[in-house]
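1. Here is the input, now give the coordinates:
(4 chains)
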Amino acid sequence: MDFHLSEEQEMIRDSLVGCYSQCNSDELLVQKYDREPALDDELWRAQLALGLTGVMVPESLGGLGMDLLTLAVAAEVSASYAVATPMEYQCLAAWAIACSDSQTLIETWLQPIVLGEKIATLALSDEGAEGGPDSLSTHDGATVSGIRRFVPFAAEADIAVLTLGDGKLGLVELRHDSVVREAVAPLDRSRPVCHLRLDSTPVVIFPEALAQRLYDAALILHAASAFGAAKRCLDMSVEYAKVREQFGQLIGQFQALKHQLAHMALDTEPARFLYWYAAHCWDIETEDARQMAALCKAHLGEVAVDTARAAVEVHGGIGFTWELPIHIWLKRAMADSAIYGTPARQRARSAELARW
Amino acid sequence: MDFHLSEEQEMIRDSLVGCYSQCNSDELLVQKYDREPALDDELWRAQLALGLTGVMVPESLGGLGMDLLTLAVAAEVSASYAVATPMEYQCLAAWAIACSDSQTLIETWLQPIVLGEKIATLALSDEGAEGGPDSLSTHDGATVSGIRRFVPFAAEADIAVLTLGDGKLGLVELRHDSVVREAVAPLDRSRPVCHLRLDSTPVVIFPEALAQRLYDAALILHAASAFGAAKRCLDMSVEYAKVREQFGQLIGQFQALKHQLAHMALDTEPARFLYWYAAHCWDIETEDARQMAALCKAHLGEVAVDTARAAVEVHGGIGFTWELPIHIWLKRAMADSAIYGTPARQRARSAELARW
Amino acid sequence: MDLELSESHLAFQEEVENFLVSNWRSDLAKDPEAISVFRRTATGAGYLYRNVPEIYGGSGQSPDVLKAKIIRESFAGVRAPREMPGVGMMMLVPTLLDCGSELQKQSFIPRTLTGEYRWAQGYSEPGAGSDLASLRTKGELVDGHWLINGQKIWTTMAHKCTHMFALVRTEPDAGKHAGISYLLFELDQPGVTIRPLKQMNGDKEFCEVFFEDARAPADWIVGERGEGWRVSKSTLKHERNSVGAASGSKDLFDKLVKQARKTTLNERPAIEDPLVRDRLAKIQGHVMAHLCAGYYQLSCDAGGADAGIVGLMNKMNTTVIGHEIAAAASEVIGDSNLQMPDYKVGRPGAEKWVNQQMLSLAAALGGGTSNINLNIIAERGLGLPRD
Amino acid sequence: MDLELSESHLAFQEEVENFLVSNWRSDLAKDPEAISVFRRTATGAGYLYRNVPEIYGGSGQSPDVLKAKIIRESFAGVRAPREMPGVGMMMLVPTLLDCGSELQKQSFIPRTLTGEYRWAQGYSEPGAGSDLASLRTKGELVDGHWLINGQKIWTTMAHKCTHMFALVRTEPDAGKHAGISYLLFELDQPGVTIRPLKQMNGDKEFCEVFFEDARAPADWIVGERGEGWRVSKSTLKHERNSVGAASGSKDLFDKLVKQARKTTLNERPAIEDPLVRDRLAKIQGHVMAHLCAGYYQLSCDAGGADAGIVGLMNKMNTTVIGHEIAAAASEVIGDSNLQMPDYKVGRPGAEKWVNQQMLSLAAALGGGTSNINLNIIAERGLGLPRD
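-> Modelled structure (predicted):
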């Protein structure tokens, strides 16, 4: 019985913190955020250099053979520095291909993705949303047509792993003529999105039915990412309360503000362990793993938005400006909360998965 | 445009406050609350002496010809002194009989009720609850059979006005052999309840379909009653904060407590005007009167329970005791919130009535 | 209780509506000259600038909150121009009427009413937010001019204004509040630098304003030296718009209901989703209580009575309802939360609620406003002891 | 990360289960003598009173939170008696082990473990709740005895206890904290009057205790005169039950889910109602986060590490979840909210949740506990400045 990260997981976490705190310090981040939303090349190369892409690929296929918990911890750290790369999607795409049971997929795509020669994203459906699972369909098993909304980093990605209903996954090349990537102004400029329009686009169907596992893993990573945003907002607020003075005293001495911060901490701090737990359940494939993925996505999404909003209030007027990066985490939290199904939607799924 | 009580309404309110503050001071109330739950004879006689029973009976039939708003204000005052009488039910029964369009009903029952010679209660169904509207049914139009749960003051009442589905109202005599009044330990000891079991009990059906109007009026009165409880809890809490000392200062000086009290006030104070408004809509029969009745019952029920619970917390340990009467208003608030449909149930009705 | 208008107010309503039929057509809305003419006519008729005496360009009517409400609603109904918006009319004009010199009234009020002078408010500073009286911008009287040095922040739309009224520390040796004066000056001068602040939603509504030896004539001080704090608090003898905040909340709520009818959630209109219905009905309870409390306040104002504690609650209620609407909206619009509304490429869809979610935060800000509001409700409303 | 037990702990678990099979049968549950014998055997086997040395009647085991958890869960699984409940074992015994004289340890600890001595806690007073150190109950040393005068309140089950440990002001001239001593005395004596306080739910769990020249032998003081405040804070060198609070919340939550399956709401099982499902899932998010934080704390405790800020949150989380469950329960049970559960006439139905709604309030009480808890989280957990 040991509910701690392993030394290896802590090492990865620490090396990411080391990397991001240099390349994405608050000052640099604020500058970057003013540019057109795009993949951050510098950080992408840094992540590739750390060998993150293969974190969940079996060692037999040249990966690190680690688990989702490891990737989730990495996602938390990336979120807390608002890193603008598709690393989480790249890693899950690599995992799915590695587990696809298709020699073609593995031979064609695994190494280019692990080496970062190709960029992969996920185009998953929020099962309950407008234009749901049926909006992408394949009749012949060789081509796919339809729309998928809000695909992250689709403008830069070379390939996308799609959910196609009935647990099926497919892989399409996004540079194919039949693919239209419709630009969308993203709320979260650290994760640009496009709508994908496919018209008889060639697709490779995965032999293994991995769609549910992939979807659940994505939920957990977004929960971890939401936690990273929430924790960062909490920490910034606490620091601010320790330096900002009003009425001749630190605002952190006002009891009302103290209690606001305590409530933010009460929401946020225990929630970390929920995403750890959900990732662990996914890793060891417990019976309630699917439910825990839904529950933790719902819980963390809501906690993160609430905490980020509270952090804006703690900062007063300055919290509403573009110059203070707090809005960056608010927007990330809002995006993490909404993508692949809002908190209410995920709670409904959780209830169903719990057989209520 | 005048959103105030009339002078006459204020006079009635003030005379009730005068009466109750003597006969139901906190000390007396605490003593009474230790006895077996029952109708408070002394206050019942005092209310009869004030002529309340006929408040909504037309002047042509010997009543005061006033409106539901007046009765609602009276219900608020009664609630704020936790008066243990069925006056609100008596008044609505009188109103329903007066409007029944049945000479028999009027001649037999109106005067005894207005004079207080007979005690009347309402046995309304919460349309959505277990054992809903269909649990009381009449096949022949002359007798009624079935169960109605939680009928207030049924042990003492001589007659009950029942809802029978399809907008129908009926009147039964409770002292009839066919009537079983099953005692229930009431949460709110100032409003004892019984389950009624009727077995081919003779019933007089009202010619006018008044069931909806009666149900809505009852919702509004319970909302007013909930407000009375909430307001009393707020006031007690504020007073306590002004006298209780801890750490060498009044607890009302602690900012956290100040803000708790401010939030209680923010919930409570504006809600008074919502029940006024709903009563007024009922009185002038606006299009949205039904919806406003549901909405105000939902809103006030929830506000009252939240405020009463917060009041217990403000008082610390003493707030949890039987000796401090705050639990009396907590229990009244819980009962007002639950009777005839919980807040969620009433919100669902309100949404339907708003044609959402 | 009667929510209908009296005979005389009904007659007034008819008069206003007739006036609008004769004097306003919606096609004039883009013609600045026609708008000016209309404002002058409406003022002449007694409908605008009612609390400003005629000699300063107003219509000098006695206060009547119901007439004010009728005018507001009738004008809004046909989108006719109302009084010049902004803090000039809202704050400076009442202050000048109360504390200004005759010369100040004559020079500033009429041109403010016509829109020739547009005012920025110079109160907050980076180190003086909710604790406004700790402000440090300095004013010295040198050779018949005030020389102003320092910085203001959160000045709404300063980059579109011509003048500023500001609180400035002119008596450095006096107490915290007693050292402050209320000065007026022009913004278009070498000593003033204006830097718009970008907000989280991309808009630039607020500015920082920097002063390096900015100048104001010696007699552009309102009240005496060191009286600025009192002057800035001079009560707004206004026809208070006590239902204003509540009806704003109600409009926003109604829009969300409309959105929920249009948006698909789980393959049905969102409005049919039981959770959405419950959430909306819950908000509607707050909105209606707030609105009804507004009716009560209006009724009190009309009768010259004090509405008591609910009169202190409008700001907090609006803030709280704004948050609730934001949370409900984020569930209604689903994945549209991922998109930033872009008003440049046309009318945005459901993602416009993303902007509302951000704006709902602004209401609570301005330096701990909610906490200060709660203090006021507790201390002034409930009579709890001050800290 | 591994939520399974290690080999050695699995072996220990088997050992405990075998012990229970050999030594406990559920039909013994009503036989006090058999229970005593069982407790002695279980102590001998090292399963009970693990932190109490053998010479005082304990089993003197080295701390192991996982073993403690295994014992707790295995014993609970077959409803075998565990350690004597109450503040005697929870608070007094650790305090005596830490600060008591050898004589005190010998006279009091063994009889507390057997249940012969049952202790009441005399801390709070009517005027000293969250501000405990302002207590006024007075102790004077007269002729070899302490004479105690004053009043205590919120003493749990004092009417069923034999002894009290109390904080008493013995040095009236010393400072607020420095004037307090930690005294022990018998409750069955003429100078002590116990009055049970009725609670809002009708139970009588708490008492007021009045002292008029109540007496205690001079050497029944723990620590020196004026050291009582420090003595009362002596750390509980316990195998901390860090998942305890969370698993209590989870049990309660699971019961509510069960209730929702049984109860009819709008003519269907309440659990099928979308609002109920959403509400329960929301609570489950909190419950599971709380529980997982408990796993983390357990894991830290087992490794001798400090769990940090989450270690300060168990009480508040339990309180908040209790409130949420209360609110959800009131919607689930519908009109059963109108009924008070009556345990005298048999097992109550859905109305038992009315009692839970009240009890959930008690968790937050004890003199502003929640506010003090929030202060602790803010100051000790987040490092914010003290008032």
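2. in the stretch 1-150 of chain A, what spans have low per-residue confidence?
-> Under the criterion pLDDT under 70, the flagged ranges of the stretch 1-150 of chain A are A:127-134.
3. Strands of that one, residue ranges please.
-> A:120-123, A:136-137, A:143-152 (DSSP state E, counting those that start in this stretch).
4. what about the strands in the stretch 51-200 of chain C?
-> C:119-122, C:138-142, C:145-156, C:163-169, C:180-186, C:192-197.
5. ok so, going back, chain B is nearest to which of the strands of the stretch 1-150 of chain A?
-> Closest approach to chain B among the strands of the stretch 1-150 of chain A is made by strand A:143-152 (26.2 Å; Cβ to the nearest Cβ). Placement of C-beta: from N, CA and C, glycine included.
6. How about the contacts made by C:Met1?
-> B:Asp2, B:Phe3, B:His4, B:Leu5, B:Ser6, B:Leu69, B:Trp276, B:His280 (Cβ atoms under 8 Å, 6 or more residues apart in numbering or on different chains).
7. of these, closest to chain C?
-> For the contacts of C:Met1, the nearest to chain C is B:Phe3 (4.0 Å; Cβ to the nearest Cβ).
8. how many other residues sit next to the closest residue in space to C:Gln151 that isn't next to it in sequence?
-> Nearest residue to C:Gln151, sequence neighbours excluded (Cβ to Cβ, 6 or more residues apart in numbering or on different chains): C:Phe210, at 5.2 Å. If you count neighbours by other Cβ atoms under 10 Å in any protein chain shown, C:Phe210 ends up with 17.
9. quick one: pLDDT of C:Val65?
-> With respect to pLDDT, C:Val65 scores 85.
10. Dead centre of chain A: give me the residue that sits there.
-> A:His222 (3.7 Å; Cα atoms, centre = their mean).
11. Go ahead and confirm that one touches A:Tyr340.
-> Yes: the pair A:His222 / A:Tyr340 is scored as a contact, 6.7 Å apart, by Cβ atoms under 8 Å.
12. what's the overlap in contacts for the two?
-> In contact with both A:His222 and A:Tyr340: A:Lys297, using Cβ under 8 Å, 6+ apart.
13. In the chain, what residue spans correspond to helices?
-> Using chain A here. Using DSSP state H, the helices found in chain A span residues A:7-23, A:26-34, A:41-49, A:68-80, A:87-98, A:103-105, A:111-114, A:211-243, A:255-268, A:271-284, A:289-315, A:326-338, A:343-353.
14. To clarify, I was referring to chain C.
-> Going by DSSP H, chain C shows helices at C:7-23, C:32-44, C:65-77, C:87, C:93-99, C:102-114, C:228-232, C:244-262, C:274-302, C:314-333, C:352-362, C:369-376.
15. Show me what from the stretch 201-350 of chain A comes close to chain D.
-> When proximity is defined as Cβ under 8 Å from any Cβ of the partner chain, the stretch 201-350 of chain A approaches chain D at A:238, A:241-242, A:250, A:252-253, A:255, A:258-259, A:261-263, A:265-266, A:269-274, A:276-277, A:280, A:292, A:295-296, A:298-299, A:302, A:344, A:347-348, A:350.
16. Just the buried ones among these, please.
-> Neighbour-count burial (16 or more other Cβ atoms under 10 Å in any protein chain shown) applied to those gives A:238, A:241, A:250, A:252-253, A:255, A:258-259, A:261-263, A:265-266, A:269-274, A:276-277, A:280, A:292, A:295-296, A:298-299, A:302, A:344, A:347-348, A:350.
17. what about whatever residue of the stretch 101-250 of chain C ends up closest to chain B, neighbour count?
-> Going by Cβ to the nearest Cβ, chain B is nearest to C:Ala246 of the stretch 101-250 of chain C, at 9.0 Å. Using other Cβ under 10 Å, C:Ala246 has 26 neighbouring residues.
18. which ones are touching residue 52?
-> Reading this off chain A. By Cβ under 8 Å, 6+ apart, the neighbours of A:Leu52 are A:Ala74, A:Met87, A:Cys91.
19. you looked at the wrong chain, it should be chain C
-> Here C:Val52 is in contact with C:Gly58, C:Ser59, C:Gly60, C:Val93, C:Leu97, C:Ile109, C:Leu113 (Cβ under 8 Å, 6+ apart).
20. What are the neighbouring residues in contact with the residue nearest to C:Ala293 when sequence neighbours are not counted?
-> Of all residues not flanking C:Ala293 in the chain, B:Pro270 sits nearest, at 3.7 Å (Cβ to Cβ, 6+ apart). Taking Cβ under 8 Å, 6+ apart as the definition of contact, the neighbours of B:Pro270 are C:Ala289, C:His290, C:Cys292, C:Ala293, C:Val310, C:Met313, C:Asn317.
21. closest point of chain C to chain D, which residue?
-> Closest point on chain C to chain D, by Cβ to the nearest Cβ, is C:Pro274, at 4.2 Å.
22. How much space separates that residue from C:Ala260?
-> For C:Pro274, the distance to C:Ala260 equals 12 Å [Cβ to Cβ, to the nearest Å].
23. Equivalent analysis for A:Leu187, please.
-> Taken as Cβ to Cβ, the span from A:Leu187 to C:Ala260 is 20 Å.
24. Among the contacts of A:Leu52, which one has the most neighbours?
-> A:Cys91 (30 neighbours).
25. still on that earlier bit, shouldn't the residue nearest to C:Gln151 be in contact with C:Leu187?
-> No: C:Phe210 is beyond contact range of C:Leu187, at 11.5 Å (criterion: Cβ under 8 Å).
26. Next, show the common contact partners of the two.
-> Common neighbours of C:Phe210 and C:Leu187 (Cβ under 8 Å, 6+ apart) are C:Ile194.
27. give me every residue that touches the residue of chain C closest to chain D.
-> Shown in contact with C:Pro274 (Cβ under 8 Å, 6+ apart): B:Ala348, D:Asp273, D:Pro274, D:Leu275.
28. Nearest to chain A among those?
-> Proximity of the contacts of C:Pro274 to chain A (Cβ to the nearest Cβ) peaks at D:Pro274, which lies at 7.1 Å.
29. Can you name the residues of the stretch 51-200 of chain C that neighbour chain D?
-> Counting by Cβ under 8 Å from any Cβ, the stretch 51-200 of chain C has no residue next to chain D.
30. What of the stretch 251-387 of chain C?
-> C:Asp273, C:Pro274, C:Leu275, C:Asp278.
31. okay, now the domains of the chain?
-> This is for chain A. Chain A breaks down by automatic domain parsing into domains covering A:7-115, A:120-205, A:211-353.
32. Chain C is the one I meant
-> Split by automatic domain parsing, chain C gives C:7-77, C:119-226, C:244-381.
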